[in-house]
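In: just the structure for this:
(one chain, ligands or ions: 1)
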Amino acid sequence: MARETVLTQESASEDPKRDAALRPKHLREVIGQQAAVQRLSIAVNASKKLREPLAHILFDGPPGLGKTTFATVLPTELGVSIQMTSGPALSKPADLLPFLTNLEEGSILFIDEIHRMPRVVEEFIYPAMEDFRIDIVLGDGMNARTISMNLKRFTLIGATTRSGMLSSPMRDRFRIHEHLDFYTVPELATIVRVNAQKLGTQISDEAALELAQRSRGTPRIANNRLYWVRHFAASESDGIITLPIARAALEMAEVDRDGLDKQDRRYLETLLGVFGGGPAGVEAIAATMNLPADTLSDEIEPYLLREQFIVRSPRGRIATPRGFTAMGHTPRDLSSPETLPRLF
Ligand SMILES: Nc1ncnc2c1ncn2[C@@H]1O[C@H](COP(=O)(O)OP(=O)(O)OP(=O)(O)O)[C@@H](O)[C@H]1O
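Out: Predicted structure coming up:
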């Protein structure tokens, strides 16, 4: 994943090859996200029966929830090839040309972080998405002329952590939008068990559940925790992941009972310790933590918001009573007439 922002340790893929090894290969192997799986199965069947390319698809959601997984499963289902690139790698229209000219009939072009593609590239891709055609300008000034080139019919799959940053003409050109949300604990426990089996490691059901509870609702984090606990079990015991082994390994990795990791706790400590629990703007929190604001809003905050450790207000982020107690602080008295006007 070519990101320029600093990724939090656990949401970043530590090893892309490792991610690929654990990735489901078929839609039926995808765990959770069942509504999306059903809709995509219908789109795949229709595409096969009608002999039409799959409609362009946009996946959005926080990192590590399976956007790349879905993008790589679909070509397998359709029996077509896939080319992969990312928004930051496409700085000018010419960067897209090799991908567009290599397309095969019905094949897939996957653009990760599509919101980071410059507007000029976006505009270049519109006719490709609509009419399978691109307009290339040759020469400049008085001598400039445009030639049109037909392309093979293809499917564009875009992935973004920030669908709000896509221009609406771009968003509207995707006929299927799938928003991926955090996974439930039982879904993550199944992912942990399936992946432990793929790695040839024995894990008890209770240990799989413990890992799931401490994985911030995110399969990629569950995988990272599984790798760590597996190494811990091999080094400190007989290689079998039992509940005590899982707990000891997670304690050592400083992952707490709520699944919060070092970076989450640093965020909450900053909000509580420096800003008195808020409200504080994301830019101010980011500057204090010495991290890009994008990292906070894309990777740290979605889980803290969903689990109600923090809330967003028009004046900035505010720690909830749960956020205060998770960090060992006494919650503020929200009914106090002095606190309320300060908060909202
Ligand atoms: N629905 C799922 N079922 C089973 N495993 C999954 C699922 N979603 C993700 N995973 C596991 O999590 C790993 C990370 O997922 P993936 O790389 O697809 O996330 P992503 O949303 O594309 O992240 P990013 O946006 O950071 O690239 C995969 O290698 C796979 O092992």
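In: okay, now the residue of the stretch 1-150 of the chain found nearest the ligand: neighbour count?
Out: Using CB to the nearest ligand atom, the single residue of the stretch 1-150 of the chain nearest to the ligand is G66, 2.8 Å away. Yep, even glycine has a C-beta here, placed from its N, CA and C like the rest. Residues near G66, counting by other CB atoms under 10 Å, number 26.
In: that one is in contact with L180, isn't it?
Out: Yes: taking CB atoms under 8 Å as the contact criterion, G66 and L180 are neighbours in contact, 5.7 Å apart.
In: and for these two, which residues touch both?
Out: In terms of CB atoms under 8 Å, 6 or more residues apart in numbering, G66 and L180 are both contacted by the residues Q33.
In: so for the closest residue to T325 other than its chain neighbours, what's the pLDDT?
Out: Leaving aside its sequence neighbours, T325 sits nearest to P331 (CB to CB, 6 or more residues apart in numbering; 6.3 Å). Per-residue confidence at P331 stands at 81 (pLDDT).
In: also Y267?
Out: At Y267 the predicted local confidence, pLDDT, stands at 96.
In: and for E123?
Out: Residue-level pLDDT assigned to E123 equals 91.
In: what's the burial count for it?
Out: Under the criterion other CB under 10 Å, the count of neighbours that E123 has is 14.
In: and the next helix or strand past the helix or strand harbouring it?
Out: Assigning secondary structure by DSSP states H and E places E123 in helix 119-131. Helices and strands here follow DSSP H and E; after helix 119-131, the next one along the chain is strand 133-138.
In: run the chain-centre distance for that following strand.
Out: A distance of 33 Å separates the C-alpha centroid of strand 133-138 from that of its chain, computed with CA atoms, centre = their mean, to the nearest Å.
In: how about residues contacting that strand?
Out: The list of residues contacting strand 133-138 from outside it, by CB under 8 Å, 6+ apart, reads L100, F124, P127, A128, A144, R145, T146, I147, S148, M149, N150, L151.
In: ok, stretch 234-246 next?
Out: Under the contact criterion CB under 8 Å, 6+ apart, stretch 234-246 has outside partners 196, 201-204, 206-207, 210-211, 229-230, 232-233, 248.
In: and it, which residues are buried?
Out: Taking 16 or more other CB atoms under 10 Å as the neighbour-count basis, stretch 234-246 is seen to contain the buried residues I241, T242, I245, A246.
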